[in-house]
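Undergrad: the following block contains a protein sequence and its predicted model.
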Amino acid sequence: MLQKFIVANWKMNKTIGEAVDFLSQFIPSVEGIKDREIGIAPTFLCIETVGKALKNTNIKLCAQNVFYENKGAYTGEVSPSMLKDAEVEYVIIGHSERRKYFHETDEIINKKIHASLKEKLKVIFCIGETLEERKLEKTKEILEIQIKGGLKNIEHVEALTIAYEPVWAIGTGVVATEEQIKEAHLFIREKLRDIYGEIANEIRILYGGSVSPENIKSIITLDNVDGVLVGGASLDPLSFAKIVKYDQK
Ligand code: PEP
C-alpha cells in the first residue's frame, strides 16, 4: 500500500502572523507521525516563514502554483528554480481555481509540470470535472483529456501525485459519494496504467473536495485513494490535525 499523503491547500488565506499561529499549534499536534506524509501549501508571501518553521519537522513545504519559465519578464510570477531555492518539495499544478480564474489550459499545465520536474520539484497535478460535465455524463471523457494533456511527454512517474478534485465538491460542502470517488479513482489509475504501465500503481491519487474531520475516514480508506487535498478544513489547526490523525480517537 502507498503511504497516505495529506495536504493542506491554504489558497489565498493567512497572513504571515496567522500562518505562524497555526503552525505553533499544528506542528506539536502531529509530531512523531511517520507513517503518512503531511504537506502544507501556504501563499508565496508566507512560504519562507512557513518553510523555516517546518524545517526538521515531519511536514513538507508545498507551493500552490508555479510558472513555466525560470526567469525573465513575467510580472507577478514565481519560477520553479525559485521554489527549489526556497526548499519547496511539492508544487500543486492545475488546480481548478487556476483553470477557472486564470484560464490555465492543459497545455499551460503540461508546461508547468515539465518545468517543475526539470527543477526536481515533485508535482501534485489536479484534475476534475465541473457539475455541468458530470450532469452530461462527461466525467471520464474530461478526466482522460486532462490526464493526456497535462501529462504529455512526462516521464518522472516517481515525482507525480494526482489529485482528483470534482469542481462541484470544492468548497461547497458537497462531497462526492464513495461510489463516485471509487469510480473516478479507478478510472484515473487505469488511464495512468495505459500511459506508464504497472509503475502507475505507485502514483498516489488524492481526493479533494469538502474533506472534513467527519468524512475523512470513510474517504481515505477507499480503494485507490492514497490521500487527500484539503482546502477549507485545513485552515484551522485542530481540524487539520484531526484529518491527519483520521485513524485515532
Ligand atoms: C481544494 O481547493 O483543493 C479543496 C479541496 O478545497 P475544499 O477542501 O475547501 O473543498
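TA: Here it is on my side, so go on. Numbers count the residues shown, from 1 in each chain.

Undergrad: helices or strands up against the helix or strand hosting V91?
TA: Assigned by DSSP states H and E, V91 belongs to strand 90-93. Helices and strands touching strand 90-93, by 3 or more Cβ pairs under 8 Å, 6 or more residues apart in numbering; DSSP states H and E, are strand 4-9, strand 36-41, strand 59-63, helix 106-118, strand 122-127. In this view, the C-beta of every residue, glycine as well, is placed from N, C-alpha and C.

Undergrad: quick check: longest helix of the protein.
TA: What stands out as the longest helix in the chain, according to DSSP state H, is helix 178-196.

Undergrad: so for that one, mean pLDDT?
TA: For helix 178-196, mean pLDDT rounds to 98.

Undergrad: now the angle between strand 36-41 and the helix or strand following it, please.
TA: Using DSSP H and E, the helix or strand that directly follows helix 178-196 along the chain is strand 204-208. For strand 204-208 against strand 36-41, the angle by axes from the mean of the first three to the mean of the last three Cα atoms, to 10 degrees is 60 degrees.

Undergrad: check whether strand 204-208 comes near the ligand.
TA: Yes. If you take Cβ under 6 Å from any ligand atom as the test, strand 204-208 does meet the ligand, through G208.

Undergrad: start at 566, not 1
TA: Right, with 566 as the first residue, what we last looked at is strand 769-773.

Undergrad: just the buried residues of the following helix or strand past that strand, please?
TA: Downstream of strand 769-773, the next assigned helix or strand under DSSP H and E is helix 781-785. Neighbour counts over helix 781-785 (16 or more other Cβ atoms under 10 Å) mark 781, 784-785 as buried.

Undergrad: tell me which residues are up against helix 781-785.
TA: With Cβ atoms under 8 Å, 6 or more residues apart in numbering as the test, helix 781-785 has contacts from 569, 571, 740, 743, 746, 772, 776, 790, 792-793, 807-808, 811-812.

Undergrad: so which of those comes closest to the ligand?
TA: Set against the ligand, the nearest of the contacts of helix 781-785 by Cβ to the nearest ligand atom is V776 (5.3 Å).

Undergrad: please consider this matter closed, and thank you.
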